[in-house]
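Asks: Provided below are the primary sequence and the corresponding predicted coordinates.
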There are 2 protein chains.
Amino acid sequence: MRQFRRYPPVDFARYLKFIVADQHVGWVRRTRMDHLAAFPKVFAIGNDRVAMQDGLADFESRSAAMAEVLAAWREAGLVTGWRNELFPVNRGFGQPPLLCMERAGTPLFGILSYGVNINGLVGQGRDLHLWIGRRAAHKPVDPNMLDLVVGGGQPMGITVWDNLVKECWEEAGIEAEIARQAKPVSLTTLTIEAGEGLRVGLQFNYDLHLPADFMPNNMDGEVVAFQLMPVQSLIENLLNTDEFSYDIALVKIDLLIRHGYLGPDDPDYLDLVAGLRRPIAFDPL
Amino acid sequence: MRQFRRYPPVDFARYLKFIVADQHVGWVRRTRMDHLAAFPKVFAIGNDRVAMQDGLADFESRSAAMAEVLAAWREAGLVTGWRNELFPVNRGFGQPPLLCMERAGTPLFGILSYGVNINGLVGQGRDLHLWIGRRAAHKPVDPNMLDLVVGGGQPMGITVWDNLVKECWEEAGIEAEIARQAKPVSLTTLTIEAGEGLRVGLQFNYDLHLPADFMPNNMDGEVVAFQLMPVQSLIENLLNTDEFSYDIALVKIDLLIRHGYLGPDDPDYLDLVAGLRRPIAFDPL
């Protein structure tokens, strides 16, 4: 439960709804209204909502307008951590996107972003061990924190499976043949206020049992070290520290629940289960 | 998704809230108001709610009053399927109950009831097989339908583990030593209109890997037959038939999701995950 308390509940009174094509797809901080008002051809600002102008009527025109806004904001230092990855904006996974936008801009508009995560497992039961990475100091989000063996955002134009195989190689040197043995096992969600806005995430989680002699080997410089952590150490880490990225702490609590390391005899069991997959914060209009 | 469509969404306009000690703990059909009004010392009937009278101020007096009501209704044929099992009424699992009541009465008051379920598994991956029972013809709920190897309600006065060990023996002849190897793996919830009222359930689900030569052996006459079903047959059964009890269909979809038999490449994946654990229908007052 201490993990859930790391971020206070979101105060939605601080935000306006972000609307595209009459659909509620995000949240923008009220403090950003001046920056939005500088683009009257792109945004229509109301009392409780900011909408993309109706004249921007298709994927291409909306994506181009958003790219222009974010490029200007990047220039002005309002967007940091630019990734050169385009994320889809939609109301349901796999549905045709209303627009796409640079990943670094998604928290500014409180857009739901999708991700893939892999639990790298060795052994089972009391002897279960988990491959844990430490994030590089230069990562834009959660530098130096503990992480999964493999995890990444789910950009446009690549299937979840292809993305997973690609991330397995880049982040941990896991060959495609082994990566394809990963099994989808759960969803987790999060909605937290980050410095720059609202991070809204839906994570597809996978378990991957690795050979006992496997050693992860980072290829892209995003992970500085790996360790093989016994499950009991993982539990103590989650109980006592904030060393894991928040979203990864959720993935690990989910793993402990799915694998039977805690159950109904834990007084927090129902609250823990509920905390892993809270509803995504988009009202029907 | 066809499993979720077996019961239409509940029309709560047909119900009044059932309130005990200022807490919303259930739902009563409006059509039952005459039967409730016959007990003015027990129930205070308002426009949108039925409350137990404030004079019934503790567990004992409330439980005694409810027992008297249900005994009279049983006499009149309004309560069927009497079990002689007392279920707790509360607002959170493991919290001190506000009262207890005969299990057969819980749908009449739309009370949340807790249950334990065990998936009996043999093998894994494509060779996974599941022990499936067929419910006896005389069971008050879902006679003749397909069921788990072991499942039962969670009454007062027994821990989940002790109940699970007891049910394992009674329903399938599973010895305590094996039963204790079951692992808690998930929660599922359901809220459906049954003939007699509203069934609101929260199920604690367990996986139990059984030896290849294990044969279940029913002791209490509640199961007429067992079969060892290949996972592919289970999937086809859920896609094409209503042979499983609805709550058990949820447990089986949950198993297929946790074990990676379906994932994000299934267009219904997010809806399937969401359907397994819908919020319990008790508003904060």
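Replies: Looks like it came in fine.

Asks: Going by C-alpha atoms from here, please, whenever you check contacts or count neighbours.
Replies: OK.

Asks: what's the spacing between residue A:212 and chain B?
Replies: Residue A:212 sits 20 Å away from chain B, going by CA to the nearest CA, to the nearest Å.

Asks: Contacts only, for that residue.
Replies: Residues counted as contacts of residue A:212 (CA atoms under 8 Å, 6 or more residues apart in numbering or on different chains) are A:122, A:123.

Asks: what about residue A:137, distance to chain B?
Replies: Residue A:137 is 31 Å from chain B, by CA to the nearest CA.

Asks: List of residues touching the helix or strand bottoming out on mean pLDDT in chain A?
Replies: Here the helix or strand of chain A ranked lowest by mean pLDDT, DSSP states H and E is strand A:146-147, holding a mean of 90. Residues outside strand A:146-147 that contact it (CA under 8 Å, 6+ apart): A:132, A:133, A:134, A:135, A:243, A:244, A:245, A:248.

Asks: got it, and stretch A:119-126?
Replies: So stretch A:119-126 is contacted by A:128-132, A:148-150, A:205-212, A:231-232 (CA under 8 Å, 6+ apart).

Asks: try 10 Å this time
Replies: The contact list for stretch A:119-126 (CA atoms under 10 Å, 6 or more residues apart in numbering or on different chains) reads A:128-132, A:147-151, A:172, A:182-183, A:205-214, A:216, A:228-232, A:248, A:251-252, A:255, A:259-261.

Asks: One more: stretch A:73-82?
Replies: A:32, A:35, A:67-72, A:102-108, A:138-141, A:196.

Asks: Could you break chain A into its assigned domains?
Replies: A:2-110, A:113-276 (automatic domain parsing).

Asks: Deepest in the core, which of those is it.
Replies: domain A:113-276 (a mean of 19; mean count of other CA atoms under 10 Å in any protein chain shown).

Asks: which parts of the stretch 101-250 of chain A sit against chain B?
Replies: A:116, A:159-161, A:182-187, A:204-207 (CA under 10 Å from any CA of the partner chain).

Asks: now the residues you listed as TSV including distance to residue A:76 and secondary structure?
Replies: Shown next, in TSV, are these (distance: CA to CA, whole Å; DSSP: H, G, I helix; E, B strand; the rest coil):
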residue	distance to residue A:76	secondary structure
A:116	31	strand
A:159	34	coil
A:160	34	helix
A:161	37	helix
A:182	42	coil
A:183	43	strand
A:184	41	strand
A:185	42	strand
A:186	39	strand
A:187	36	strand
A:204	34	strand
A:205	36	strand
A:206	39	strand
A:207	41	strand
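
Asks: The residue most central in space within chain A: what's it in contact with?
Replies: Note on chain A: the residue nearest the mean C-alpha position is residue A:201, at 4.4 Å, using CA atoms, centre = their mean. By CA under 10 Å, 6+ apart, the contact set of residue A:201 is A:107, A:110-115, A:153, A:188-192, A:247, A:280.

Asks: Among these, which lie within strands?
Replies: Among the contacts of residue A:201, the ones falling in strands (DSSP state E) are A:112, A:113, A:114, A:115, A:153, A:188, A:189, A:190, A:191, A:192.

Asks: Just give the nearest non-adjacent residue to the fourth one, would you?
Replies: In this structure, residue A:115 finds its nearest non-sequential neighbour in residue A:153, 4.2 Å apart by CA to CA, 6 or more residues apart in numbering or on different chains.

Asks: Could you measure from the closest residue to residue A:209 other than its chain neighbours over to chain B?
Replies: Ranked by CA to CA, 6+ apart and with sequence neighbours excluded, the top spatial neighbour of residue A:209 is residue A:121, at 4.7 Å. Distance from residue A:121 to chain B, counting by CA to the nearest CA: 15 Å.
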